[in-house]
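K.L.:
dropping the sequence and predicted coords here.
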Amino acid sequence: MAACRALKAVLVDLSGTLHIEDAAVPGAQEALKRLRGASVIIRFVTNTTKESKQDLLERLRKLEFDISEDEIFTSLTAARSLLERKQVRPMLLVDDRALPDFKGIQTSDPNAVVMGLAPEHFHYQILNQAFR
């Protein structure tokens with residue numbers, strides 16, 4: 001029989017788990033408070049590309065969740081990290097609300113493309129530019 005291992009960390013999905021759009025999932029704040037009482041590291045994850053981490057954090061705080069910015073990891077966080085590691089200059093095809101997460105990233109003369117949920121940017125001229 002395998003030895004029991006102590007739980008060290010918990011990853012909590014945000015959208016649909018703690019909140020749905022601008023409404024908290026019933027009981028989510030209380031569940032988070034109980035989880036915080038345990039001796040585990042908590043990180044919040046999401047694959048949303050519609051808004052910056054700061055906008056997401058503000059939404060969660062308005063819903064009375066006790067969460068800090070450094071506890072949130074988004075797909076935009078992952079994209080930015082990869083851009084910095086690879087030292088590329090992306091063409092950003094992301095929603096305008098997501099752009100703050102790429103502040104300071106060089107985007108002139110792009111040699112990479114980052115795509116997120118941004119239907120307003122998905123038209124022939126822009127996509128043709130991205131493919132070139």
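P.N.:
Good, I have the coordinates. Numbers count the residues shown, from 1 in each chain.

K.L.:
what packs against the longest helix along the chain?
P.N.:
Looking across the chain with DSSP state H, the single longest helix is helix 75-86. In terms of contacts (3 or more C-beta pairs under 8 Å, 6 or more residues apart in numbering; DSSP states H and E), helix 75-86 is packed against strand 112-115. Backbone N, C-alpha and C define where each C-beta goes, glycine included.

K.L.:
I'd like the mean pLDDT over the helix or strand following the strand it packs on, please.
P.N.:
Counting by DSSP states H and E, the next helix or strand C-terminal to strand 112-115 is helix 124-131. Averaged across helix 124-131, pLDDT comes to 89.

K.L.:
buried residues in helix 124-131, which are they?
P.N.:
Across helix 124-131, burial judged by 16 or more other C-beta atoms under 10 Å covers A130.

K.L.:
quick one: list the elements packing against it.
P.N.:
By 3+ C-beta pairs under 8 Å, 6+ apart, helix 124-131 packs against strand 90-93.

K.L.:
what lines up beside the strand it packs on in the sheet?
P.N.:
Using DSSP bridges, strand 90-93 pairs in its sheet with strand 112-115 (parallel).

K.L.:
convert the C-alpha atoms of the strand it pairs with to PDB, please.
P.N.:
Output of strand 112-115 as PDB, limited to C-alpha atoms (Å, rounded to 0.1, in the frame of the first residue of the first chain):
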ATOM      1  CA  ALA A 112       5.500  35.800 -33.200                       C
ATOM      2  CA  VAL A 113       1.700  35.800 -32.800                       C
ATOM      3  CA  VAL A 114      -0.300  35.600 -29.600                       C
ATOM      4  CA  MET A 115      -4.000  34.800 -30.100                       C
END
